[in-house]
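# A predicted structure for the sequence below; I have some questions about it.
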Amino acid sequence: MAIQGLNHYNVLTDDVEGTVRFYSDVLQLHAGPRPPLNFPGAWLYSNGQAVVHVSGGRSRDELKPGVLDHIAFTASDLQATLDTLKSHGVEHVCRRQQSSGVWQVFFNDPNGAKVELDFPAQEQASP
């Protein structure tokens, strides 16, 4: 067996619509086909791949973090992303890796899941 890449990650929520809206508005992911499962939810797509699965039907008390700290996406257009986060009032941290120069942007989704976006070193921005 050889791992070929990350397929998707799953976010537990008590608010499917609000979570879908966040990922659509902030990360420009799009809701798409989802199999008929026995709980509410949505699949969110980027470039034809379902990269975020949203699973509803949970109470707020059931949304507890596990051992994973965050999920990271490779991204582009750092300045537009920072502007989008600001316009949606999403608190975030933007930093640059010293060794590689890669820009990293960290923020939490409405359910507390930490998201990291990694941007090429050659991008310019006013974080």
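Perfect, thanks for sending it. Numbering: from 1, shown residues only.

# how far does the helix ranked longest in the chain sit from the chain's center?
Secondary structure of the chain per DSSP state H: the longest helix is helix 16-27. Offset of helix 16-27 from its chain centre (CA atoms, centre = their mean, to the nearest Å): 9 Å.

# run through who's touching that helix.
With CB atoms under 8 Å, 6 or more residues apart in numbering as the test, helix 16-27 has contacts from 11, 13, 29-31, 40-42, 44, 46, 52, 54, 56, 73, 84-85, 88, 90, 109-111, 115, 117. C-beta coordinates here come from the backbone N, C-alpha and C atoms, glycine included.

# cool, and stretch 39-59?
The contact list for stretch 39-59, computed with CB under 8 Å, 6+ apart, reads 6-16, 19-20, 23-24, 27-34, 73.

# mind running it again at 6 Å?
The contact list for stretch 39-59 (CB atoms under 6 Å, 6 or more residues apart in numbering) reads 8, 10-14, 16, 19-20, 23, 29-32, 34.
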